[in-house]
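Novice: quick one: sequence plus predicted model below, questions after.
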Amino acid sequence: MVNLRRRTSRTSPCFLLSVISLLFLSAVLVFHSFGGFHWSRLNSPFGCEKKPEASLAPLAGNTLPGITTGSFNYTCMPYQSCWPGPSDWQAFNSSIGGNLKITTPWAEPCYENSSSAACSLVEGGYMSSTSRSSQYGAMEYLNWEVCGNSQCLLNSFSPSTKVSGTCSLGRLSAYYVEAHTAVDVSETLAFVKKHQIRLSIKNSGHDYFGRSNTANSLALWTHNMKDMAYHQNFTPFQCRAQYQNIGEIGAGVSAQEAYLFFESLGMQVTVGAIGSVGIAGGFGQGGGHGALAPSYGLMVDQAVEFEVVTADGHTRLINECNDPDLFWAMRGGGGGTYAVLTRYKFQLHPMVPINVYTFEADILPSSQVSDLTQSPVHRDIVTALARNQTTWSNNNVAGYNFILPTSLVSLQVLPSTNANRLKELTAQWHDFLSTYPGLNITVNSYITFPVFSQYALFTQEPSFARNGPVGIGLAEAGRLIPRTQFDSDAAIDTLVNAFLQGLQISNSLGAGPGSGSGQIYATGPSNQPDNSKTGVNPAWRGSLWEVIYGGIWVSADSQDTRGRIQNTISEAIKPLKVLTPGGGCYLNEGDWTEEEWQQTFFGENYGRLVEVKRMYDPSGLFNCWKCVGFNGYEDPFYSCYGQSSNPPNPTRSLGPVG
C-alpha cells in the first residue's frame, strides 16, 4: 500500500481579525525548486513538435446517478472500474518522489476537536490570504470549496464558533501532487492521460471562477516551486534577441516573494495588489494588472520566456522566437489551458519611488440617500474622477477607487523620481475633494515610498484591506471601460449614470456581510501598445477603467441567499455592459455566470487562441471553467457550478490508495 501522508496545516496567526469591522467597508476590495530539467525533452530546433496526440475515447461504465459523460475526455471518476488500483498509485507516487498527498480540508480539525491546537491554527488564519494559499486544502474564497451541500467551512467572521455537521471535501480533489520539478509535472500528466482522469491545477488559489480546483480530479499543486534568479544579461533559447535585467521565478513564487527578492537587486516587478498571489499562474498568464501597469504594461507584457510542460509530457523552453504561437497564447490567454508553466522569465524595471495621493472619507448622514442613482455626492465624485482620468492615464497615474454607499477610498499612484509630478496632476482632484461638503474626511495626504515593498505594506492597512477579505464567499462582476467613454462631458454623464445604476443594484443586497460595493481601477496598460505580441483581451489596451461590483456571503448563509447575492451582482454589471456593447472584462475578474464569455473574456483573440489550444492540447487534457476549450455545461466535472446540466457530484474521501 502507498503510505500517503496527510499534509498538515501550517499557518500563522491572523492579524486581520482585529479589524473585522472594517472588512465590511472593504468587502470586495483589491483582489487576486527548479531541477529535474531534461534537455533531451526541449523543443525541436523549429519550436514545438506539432504532431497531434491521439484522441482518447471517453470511458464507459459511468455509475454515478444523474451524471452523463457524453463525448468528453478525461472523465474517469473515483469508484468507477477505470479508476487506478493500489499498485498504480504506488508506482505513480514513486515516480514523483513520494509527493502524492491526501487532501485534508483545512477546517477539518475544528470538526473533530474544536479545542485542539490544530483547530486554533485554522481559526487564527481563517481570514488570512497567506495562510490559505500555503496549503492545498483551502481556497481563498469559500465558493470554490463547496459542491452542493458538501463543504467544510467555519463561520467567516467568528471562526472560533463551534461548528456542527460533517466535514467533507466539496470540490477539493481527494489526492493532489505537490510538484517541485518539471519532472513531477510530466509524470502527473502521463498518469492522468493513461487513466483518463481529469486534471486540475492550483497555485495560490486566488481565483474567482473556481478554475483552480475540480471535484473528482487529480490536482497538481505548483505552489512550492519557489526558486528565483536574476539575469543581468539574457538571451532566450534559440533566439538572437538580447535582454537586460531579466527576472526568473518558479511557478509558485508569490508577488511579495518576488518584489522583495528583486528589490534587493534594485529592481521592480509589475505585480498586482495582493502579495500572496502567485504571479506566474493565472495572474501572469491571464494579464496581470497593478499600480505599475500604466508605466510598464501588464505582467504578460513583461514575459520573455517560459518553461512549460505540454500535454505530450515534454518540457520546453518557449519564447517569441522558437515557439511564437504557444508563447503568444500563454501571454494573456489564460492559465491552466495550453500547458503547465513551471518557470517564468520576465522584464524587470529599475526601482523608482512610489508616490501616492490617498483620500478617505465617510459620507455624512445628512448627505446620504437611499437611491444612489440620485445621490449628489456619488454623482459629483465619480464625475470628477472620470473627468480627470484621461490626463492621469496619459501620464501613467494608476488608481484604486472604492465607492460604497456611505464612504469612499481613493488612491492615485505614480512611480516617479519626481514627487511633485503627482501633486501637479492631482491638484484639481485634491482641491475638489478637500472642499466638498457632506464628507467627513479621515485621510487626505501625499506620501512617497522609496521602494515598492513599503508602498505594499502601506496598502495592507485595514482601510484598504489589501490582503482581504478572504475566507468568505465572493460574488463578482467586472467591465473594462474604453477611452472613448471619457472623450466628452456627455459621454462621461452616461458612464456615471450606468455606474451608479450598477452600484444601486449592488447596494440592494442591504447592510451586513452581503452588502455590495463598487470599485474603479485605473491599473491597465492604456499607454502600452500590444503589437499582436500577447493573447490578452485587446479591450485592455483601449480602456481607462476596470469597474468591479462585488458582494459576499458567509458559511451561515443558505444556498438560496448565496445564489441571490450572485444574481444581484450579475445584474449590477448589466448597465455597463449595455453601455459598452462588444466590450469585455479582465478574464480573472469577471462574472463566472457570464454567458457571452468568449467575447467578454478573450475578445477578438478567441479564435486564434482556440487554434493554438487544438494544436498543443487536441485531447483537452487542460480544461477549466469558461477557459479556451471549455467543454460546456454538460461536462460532468462542472457539476458543482450552478449553471451545470448535472446535479452536484462532490468529491468523496478515498483513503490511502484510492
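Specialist: Arrived safely, thanks for sending. Numbers count the residues shown, from 1 in each chain.
Novice: how about the helices of the stretch 101-250 of the chain, start to end?
Specialist: Using DSSP state H, counting those that start in this stretch, the helices of the stretch 101-250 of the chain run over residues 108-112, 117-125, 129-133, 182-195.
Novice: what is Val340 paired to in the beta sheet?
Specialist: With DSSP bridges applied, Val340 shows beta-bridge pairing to Val309.
Novice: let me know the pLDDT of it.
Specialist: At Val340, the pLDDT value in this model is 99.
Novice: is it true that it touches Val308?
Specialist: Yes: with contact defined as CB atoms under 8 Å, Val340 reaches Val308; the gap is 6.3 Å. Heads up, the C-betas are built off the backbone N, CA and C, glycines and all.
Novice: buried deepest among the helices of the stretch 101-250 of the chain, which one?
Specialist: Mean neighbour count (mean count of other CB atoms under 10 Å) peaks for helix 129-133 among the helices of the stretch 101-250 of the chain, with a mean of 24.
Novice: packing partners of it?
Specialist: On a contact count with 3 or more CB pairs under 8 Å, 6 or more residues apart in numbering; DSSP states H and E, helix 129-133 meets helix 117-125.
Novice: what packs against the helix it packs on?
Specialist: Against helix 117-125 (3+ CB pairs under 8 Å, 6+ apart) you get helix 108-112, helix 129-133.
Novice: what do you get if the cut-off is 7 Å, keeping everything else the same?
Specialist: Applying 3 or more CB pairs under 7 Å, 6 or more residues apart in numbering; DSSP states H and E, one finds that helix 117-125 contacts helix 108-112.
Novice: which helices and strands sit right next to the helix it packs on?
Specialist: Applying 3+ CB pairs under 7 Å, 6+ apart, one finds that helix 108-112 contacts helix 117-125.
Novice: Arg652 and Cys624, how far apart?
Specialist: For Arg652, the distance to Cys624 (CB to CB, to the nearest Å) stands at 22 Å.
Novice: hang on, I meant Phe458
Specialist: Taking CB to CB as the measure, Phe458 falls 34 Å from Cys624.
Novice: who has more neighbours out of the two?
Specialist: Using other CB atoms under 10 Å as the criterion, Phe458 and Cys624 rank with Cys624 on top: 26 against 17.
Novice: my read: the more buried one touches Gly336, true?
Specialist: Yes: at 4.9 Å, Cys624 counts as touching Gly336 under the criterion of CB atoms under 7 Å.
Novice: count the neighbours of Ile403 for me.
Specialist: Neighbours of Ile403 under the rule other CB under 10 Å: 23.
Novice: so who does the nearest residue to it once chain neighbours are set aside touch?
Specialist: In space, and not counting its chain neighbours, Ile403 is closest to Gly518: 4.5 Å by CB to CB, 6 or more residues apart in numbering. Shown in contact with Gly518 (CB atoms under 7 Å, 6 or more residues apart in numbering): Ile403, Phe499, Gly502, Leu503, Ser506, Val547, Tyr549.
Novice: surely Gly518 is in a strand?
Specialist: Yes: checked against DSSP: H, G, I helix; E, B strand; the rest coil, Gly518 lies within a strand.
Novice: where do the helices of the stretch 401-550 of the chain begin and end?
Specialist: According to DSSP H, counting those that start in this stretch, the stretch 401-550 of the chain carries its helices in the segments 419-435, 452-458, 489-507.
Novice: of all those helices, which one is nearest His231?
Specialist: Closest of these to His231 is helix 452-458, at 20.0 Å (criterion: CB to CB).
Novice: pLDDT of that closest one, averaged?
Specialist: Mean per-residue pLDDT for helix 452-458: 96.
Novice: tell me what it is packed against?
Specialist: helix 255-263, strand 354-363.
Novice: what comes into contact with it?
Specialist: Helix 452-458 is contacted from outside by Tyr259, Leu260, Glu263, Gln268, Gly275, Ile354, Val356, Phe449, using CB under 7 Å, 6+ apart.
Novice: identify the residue with the minimum pLDDT among the residues you listed.
Specialist: Minimum pLDDT across these is recorded for Gly275, with 93.
Novice: torsion angles phi and psi at that residue?
Specialist: Main-chain dihedrals, Gly275, degrees, to the nearest 10: phi -70, psi -30.
Novice: for the stretch 251-400 of the chain, what spans make up the helices?
Specialist: Taking DSSP H, counting those that start in this stretch to define them, one finds helices in the stretch 251-400 of the chain at 255-263, 282-286, 293-296, 299-302, 324-330, 376-394.
Novice: return the most buried member of those helices.
Specialist: Ranked by mean neighbours (mean count of other CB under 10 Å), these are led by helix 282-286, with a mean of 30.
Novice: what lies in contact with that helix?
Specialist: 207, 272, 277, 299-300, 330, 332, 334-335, 341, 344, 587-588.
Novice: need those in CSV (columns: distance to Ser254).
Specialist: Conversion of the contacts of helix 282-286 to CSV gives the following (distance: CB to CB, whole Å):
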residue, distance to Ser254
Asp207, 14
Gly272, 11
Val277, 6
Met299, 13
Val300, 18
Met330, 20
Gly332, 20
Gly334, 20
Gly335, 15
Leu341, 15
Tyr344, 13
Leu587, 21
Asn588, 16
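Novice: any idea how far stretch 422-432 is from the chain center?
Specialist: Put simply, stretch 422-432 sits 32 Å off its chain's centre (CA atoms, centre = their mean, to the nearest Å).
Novice: quick one: buried residues of that stretch?
Specialist: Within stretch 422-432, the residues that count as buried by 16 or more other CB atoms under 10 Å are Leu422, Leu425, Thr426, Trp429, His430, Phe432.
Novice: out of the residues you listed, which one sits closest to Trp592?
Specialist: Relative to Trp592, and with distances defined as CB to CB, the nearest of these is Trp429, at 34.4 Å.
Novice: got the contact list for that closest one?
Specialist: Residues near Trp429 by CB under 7 Å, 6+ apart: Ala384, Asn388.
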